[in-house]
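**Student:** A predicted structure for the sequence below; I have some questions about it.
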Amino acid sequence: MEQSCEKKLTQAAQFLRALGHPMRLAMVQALKDRQWCVCELASYLKLNKSVASKHLATLKNVGVIKMTKEGTQVICSLIMPCIFDMLLCANFFEEPMNTLSKSQKYCKTDSCIIRNEQ
């Protein structure tokens, strides 16, 4: 495998690993509609501020969010809204997606292989 390809795969794995924690997904969901300061988001998610900060730093390091200091507050905002298209394919639903027909129903992206094979 080429070194540049291996580097891209490593970066993709780091990105997916960052999204692999339920609390970080909850943070992304909360940031979908508005910006939050770290302390406000921590309170909303019932987390210790330092724990919330560590999760947010993980999301920031892979480019999902940005964090901006405003006075004494750190404001977080989502900079990768396309993440929600990916979550549609990752079964981000209340009911389990166990069949091909459900996959076809829920996958909304134009590039969906399952939907385009019909």
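**Tutor:** Cool, the structure landed.
**Student:** Please work out which residues outside stretch 56-73 touch it.
**Tutor:** Stretch 56-73 has contacts (C-beta atoms under 8 Å, 6 or more residues apart in numbering) with 14-15, 18-19, 21, 24, 27-28, 31, 37-39, 41, 74-80, 83. Bear in mind the C-beta positions are built from the backbone N, C-alpha and C, glycine included.
**Student:** gap between the two ends of that stretch?
**Tutor:** End-to-end distance for stretch 56-73, by C-alpha to C-alpha, to the nearest Å: 14 Å.
**Student:** Enumerate the positions of that stretch that are buried.
**Tutor:** By neighbour count on 16 or more other C-beta atoms under 10 Å, the buried set for stretch 56-73 is 56, 58, 59, 60, 62, 64, 65.
**Student:** how about the fifth one, phi and psi?
**Tutor:** Backbone geometry at residue 62, expressed as degrees, to the nearest 10, gives phi -100, psi 10.
**Student:** per-residue confidence at it?
**Tutor:** In this model, residue 62 is scored at 96, pLDDT.
**Student:** try the third one
**Tutor:** Model confidence at residue 59, given as pLDDT, is 98.
**Student:** let's have the chain start at 359 instead
**Tutor:** Yes, from this point I'll number from 359; that puts the last item at residue 417.
**Student:** roughly how far out does the strand or helix carrying it sit from the chain middle?
**Tutor:** Using DSSP states H and E, residue 417 falls within helix 407-419. Distance, stretch centre to chain centre, for helix 407-419: 13 Å (C-alpha atoms, centre = their mean, to the nearest Å).
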